[in-house]
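Trainee: Below: sequence and its predicted model.
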Amino acid sequence: MADINIVQQHTLAPEQARAAAQQVADKLAEQFDLACRWDGDVLRFERNGVNGALTLQPNQAQIQIALGFPISMMASQVEAKVSEKMRKLFAAI
């Protein structure tokens, strides 16, 4: 099992941060067939072999992903793609 933890700083207003988080989740859902749901300021996602949460805080977004086998074999690629997507979306103002 592989764990991914990415923290991205941002200066977005809460509604902009929520929209950015939704875009990250939509991309993950598309690529990995995930079910996503909001729980307050936490966007939870899961499917067999993958689960995690994207937590919004003022000036910071944190995503934690647990990858089961065999997806854990692609952990470095998943981490790179998610990190790039978060950097792009949360840097936008």
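Mentor: Now that the structure is in, tell me what you want to look at.

Trainee: Wait, residue 43 touches residue 54, no?
Mentor: Yes - here residue 43 reaches residue 54: they are 4.4 Å apart, a contact under CB atoms under 8 Å. In short, each C-beta sits where N, CA and C put it, glycine included.

Trainee: which residues do those two both contact?
Mentor: Shared contacts of residue 43 and residue 54, defined by CB atoms under 8 Å, 6 or more residues apart in numbering, are found at 21, 25.

Trainee: Could you check how far residue 71 is from residue 37?
Mentor: Distance, residue 71 to residue 37, by CB to CB, to the nearest Å: 20 Å.

Trainee: More neighbours: which of those two?
Mentor: residue 71 (18 against 10; other CB atoms under 10 Å).

Trainee: quick one: contacts for the more buried one?
Mentor: Contacts here follow CB under 8 Å, 6+ apart; on that basis residue 71 touches 2, 32, 49-50, 78.

Trainee: now, the most widely separated pair of these?
Mentor: Of all pairs drawn from the contacts of residue 71, the greatest distance, 13.5 Å, lies between 2 and 32 (CB to CB).
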